[in-house]
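Participant: the following block contains a protein sequence and its predicted model.
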Amino acid sequence: MEVTTKIAAADADSPLGKRGQAEPPKRRALISREPMHEQILPHIRRDIVEGRWRPGERLPEPLLCAEFGISRTPMRDALKILEAEGLVELVPHVGAVVTDPTQPDVAEKMEVLMALEQAAAAKVASTRSPAVLERINRLHMQMSEAAHINDAATYYRLNDEFHRAIVLGADNKTLADMHEHIMWHVHRARHRANEYESLSQGAAEHHERIVRCLMQGDPFAAAQAMNEHLHDVASSIIGHLAHKPN
């Protein structure tokens, strides 16, 4: 297991060591003691999810090792985790091949995602934490602003943060961990379809209803609003997969 320590160099004109210096200079240092495979894992995962490496494509281990400046041992440790997550398959004498999820695979994951987010919405509506509700409402307002100026990239990013804020607001680590694992597959399906939920009036109304139910402290209504919203999202994603070229 490789562990790295990275420390930024001091500025060339640092006054450290000069006599009469009243205070030592401020140094910006980044120290990471995580195992190397845990450091590179999020980057490779996101490259797969966002389409840098396509389904059926073999991940070029030598290229990736050179890219990250690491040996093959941490790279292979990272690939084993990606295989457990279902994003790659380790094929003997071939290497890591990016998986190609089917329509039923994505449909199953969307069912689980819907159940998790409904439970989270009900919990948030029940507890009504002021800090959690403030963050959710703020993200919703920012999403509305992004939609108004047709800034799709910002809207999609905020949309993900909005849903994640509800899940984290439920204050249930098991639920949050399960949701994070499922979301990688949902993100991937959305990228492959080259579309997130559209910047439509319907999507805006769904989010508005979710926020309103959370603020009112109505667990049943909040769960129902989340269910209706994610049902439309699932229909869009699965519909694109059904018509993808073979």
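Facilitator: It's in. Everything numeric in this text was worked out from a predicted model, so none of it was measured.
Participant: helices of the chain, start to end?
Facilitator: 36-49, 61-68, 72-84, 103-127, 130-148, 152-169, 173-192, 201-216, 219-242 (DSSP state H).
Participant: between these, which gets nearest to residue 55?
Facilitator: If you check each of the helices of the chain against residue 55 by Cβ to Cβ, helix 173-192 wins as the nearest, at 7.9 Å. Every C-beta, even on glycine, is put in place using the N, C-alpha and C of the backbone.
Participant: and the helices of the chain as a markdown table, adding mean neighbour count?
Facilitator: Below are the helices of the chain laid out as a markdown table (neighbours: other Cβ atoms under 10 Å):
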| stretch | mean neighbour count |
| --- | --- |
| helix 36-49 | 18 |
| helix 61-68 | 14 |
| helix 72-84 | 17 |
| helix 103-127 | 19 |
| helix 130-148 | 16 |
| helix 152-169 | 19 |
| helix 173-192 | 17 |
| helix 201-216 | 17 |
| helix 219-242 | 18 |
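Participant: dump those helices to CSV, plus distance to residue 90.
Facilitator: Converted to CSV, those look like this (distance: least, Cβ to Cβ, whole Å):
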stretch, distance to residue 90
helix 36-49, 14
helix 61-68, 11
helix 72-84, 5
helix 103-127, 18
helix 130-148, 38
helix 152-169, 29
helix 173-192, 18
helix 201-216, 38
helix 219-242, 25
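Participant: could you dump those to JSON lines with mean pLDDT?
Facilitator: Converted to JSON lines, the helices of the chain look like this (pLDDT from 0 to 100):
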{"stretch": "helix 36-49", "mean pLDDT": "91"}
{"stretch": "helix 61-68", "mean pLDDT": "94"}
{"stretch": "helix 72-84", "mean pLDDT": "95"}
{"stretch": "helix 103-127", "mean pLDDT": "95"}
{"stretch": "helix 130-148", "mean pLDDT": "94"}
{"stretch": "helix 152-169", "mean pLDDT": "91"}
{"stretch": "helix 173-192", "mean pLDDT": "88"}
{"stretch": "helix 201-216", "mean pLDDT": "86"}
{"stretch": "helix 219-242", "mean pLDDT": "88"}
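Participant: out of those, which is closest to residue 91?
Facilitator: helix 72-84 (10.0 Å).
Participant: contacts for that closest one next, please.
Facilitator: With contacts defined as Cβ atoms under 8 Å, 6 or more residues apart in numbering, helix 72-84 is touched by 1-2, 35-38, 40-41, 44-45, 48, 59, 61, 64-65, 68, 88-90, 96.
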